[in-house]
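Engineer: build me a model:
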Amino acid sequence: MTISGQEEPLVRVLYDESRRDLREPGRPRPVRLYVWEPRDPVAVPAPLVVISHGSGGSGSDMGWLVHPLVESGFRVAALDHHGNNFVDGYEPEGFLHVWEQPRDITFALDALAREQPLGPVGAAGFSMGGYTVAALAGARIDPQVLLGIAMGAAPMPALPEFPDALDALLKKYSELELLSALESAAADLSDPRIQAVFQVAPGIGRFLTPESLRTVRVPVEIRWAGADTISPYEEDTRPYLEHIPTADGCSAGPDVRHEDFIGPDPAAVRLRVGKEVTAFFVQHLA
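Structural biologist: Numbers count the residues shown, from 1 in each chain. Below you'll find the predicted structure:
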């Protein structure tokens, strides 16, 4: 994808041998990686920002975050999270086993570090990707909350791209298998290489433990959508803002919707937030 004269990213699929493919259990988990190199690095090695997309999205569709960073001298890597991207299609685990997404980023960083030294590393994420990057800084899920949803004792949040995800998951796995998977939900997924985090309209905040959020020590900046009905402020942004000691942020606008951060056209709010993300990482990584 070329935007505003930007070069195409290097695209490749890596395979995590420690986890399985959701469609073919005998194969390793695929992690598609898009890497943009800066023409004029701000430093050598260039600081790296990893980007996590929202539910049903793709790293290839995050140009509004990618290109301001690349133009400012950052190296940028975006991912496709297996089972939760429009390139390969959807699987219920991709939407509900959200703790696998931070592991995708750590796996990708390990692979990139084997190829060349990494500069300072930051992480930015939209929607579910906002949870993903917070988990890399120490946020942890409360598995009891997820268990309540699985058992029908608590409401399932909206998943517009896969509204029947929970039913599909319950048909695919036995109760014992689901309970075993939930044991992984509360794991510490922090990555010490992450030095700063930017969340845009973050999701999953209602599922996180305040205790884990209080352990976050890296700078965290947040932008939320004032008219968001997918990841509402009270349920999904306030927990990050109130419990993370280093968190700061503001609304992207009272009339901004979650959907305004999605789509091919460069909406004004995306252009503005993309510049704010870049300024944040210039301050903390460059």
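Engineer: from here on, contacts and neighbour counts on C-alpha atoms
Structural biologist: Will do.
Engineer: so where do the helices sit in the stretch 1-150 of the chain?
Structural biologist: Secondary structure of the stretch 1-150 of the chain (DSSP state H, counting those that start in this stretch): helices at 63-71, 92-96, 100-115, 128-135, 143-150.
Engineer: which residues touch the next helix or strand after the last one?
Structural biologist: The reference is to helix 143-150. With elements assigned by DSSP states H and E, the helix or strand that comes after helix 143-150 is helix 165-172. Contacts to helix 165-172, defined as Cα atoms under 8 Å, 6 or more residues apart in numbering, come from residues 91-93, 95-96, 150, 159.
Engineer: how about helix 165-172 as PDB, C-alpha atoms only?
Structural biologist: Coordinates of the C-alpha atoms in helix 165-172 are reproduced here as PDB (Å, rounded to 0.1, in the frame of the first residue of the first chain):
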ATOM      1  CA  ALA A 165     -17.500 -15.100  18.000                       C
ATOM      2  CA  LEU A 166     -18.500 -16.400  21.500                       C
ATOM      3  CA  ASP A 167     -20.900 -19.000  20.100                       C
ATOM      4  CA  ALA A 168     -18.300 -20.100  17.500                       C
ATOM      5  CA  LEU A 169     -15.700 -20.500  20.300                       C
ATOM      6  CA  LEU A 170     -18.100 -22.500  22.500                       C
ATOM      7  CA  LYS A 171     -18.800 -24.900  19.600                       C
ATOM      8  CA  LYS A 172     -15.100 -25.300  18.800                       C
END
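Engineer: tell me which of the helices of the stretch 1-150 of the chain is the most buried.
Structural biologist: Looking across the helices of the stretch 1-150 of the chain with neighbours counted as mean count of other Cα atoms under 10 Å, the highest average goes to helix 128-135: a mean of 29.
Engineer: what stretches of the protein score poorly on pLDDT?
Structural biologist: 1-6, 264-266 (pLDDT under 70).
Engineer: repeat that with 90
Structural biologist: Counting by pLDDT under 90, the chain has low-confidence residues at 1-8, 25, 39, 144-159, 174-185, 263-267, 286.
Engineer: number of residues surrounding E183?
Structural biologist: Other residues within reach of E183, judged by other Cα atoms under 10 Å, total 11.
Engineer: farthest pair within the contacts of helix 165-172?
Structural biologist: Pairwise distances across the contacts of helix 165-172 (Cα to Cα) peak at 16.3 Å, for the pair E91 and A150.
Engineer: follow-up on the earlier one: export the contacts of helix 165-172 to CSV and tack on distance to D191?
Structural biologist: Supplementary listing: the contacts of helix 165-172 in CSV, determined by distance: Cα to Cα, whole Å:
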residue, distance to D191
E91, 26
P92, 26
E93, 22
F95, 22
L96, 21
A150, 28
L159, 27
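Engineer: pretty sure E177 is in a helix, no?
Structural biologist: Yes - secondary structure assignment places E177 in a helix (DSSP: H, G, I helix; E, B strand; the rest coil).
Engineer: just give the number of residues close to E235.
Structural biologist: Using other Cα under 10 Å, E235 has 14 other residues around it.
Engineer: typed the wrong thing, it's S180
Structural biologist: Here the count is done by other Cα under 10 Å, and S180 has 11 residues near it.
Engineer: state the phi and psi torsions of G119.
Structural biologist: G119 adopts backbone torsions of phi -80, psi -170, taken as degrees, to the nearest 10.
Engineer: was I right to think P28 contacts R19?
Structural biologist: Yes - judged on Cα atoms under 8 Å, P28 makes contact with R19 at a distance of 5.7 Å.
Engineer: please tell me how far the residue nearest to P45 when sequence neighbours are not counted sits from E91.
Structural biologist: The shortest distance from P45 to any residue that is not its chain neighbour, by Cα to Cα, 6 or more residues apart in numbering, is 5.0 Å, and that residue is G119. Distance of G119 to E91, computed by Cα to Cα, to the nearest Å: 34 Å.
Engineer: ok, now P30?
Structural biologist: Applying Cα to Cα, the value for P30 to E91 is 13 Å.
Engineer: neighbour-wise, which of the two wins?
Structural biologist: Higher neighbour count among P30 and E91: P30, with 21 against 18, using other Cα under 10 Å.
Engineer: cool, thanks, signing off.
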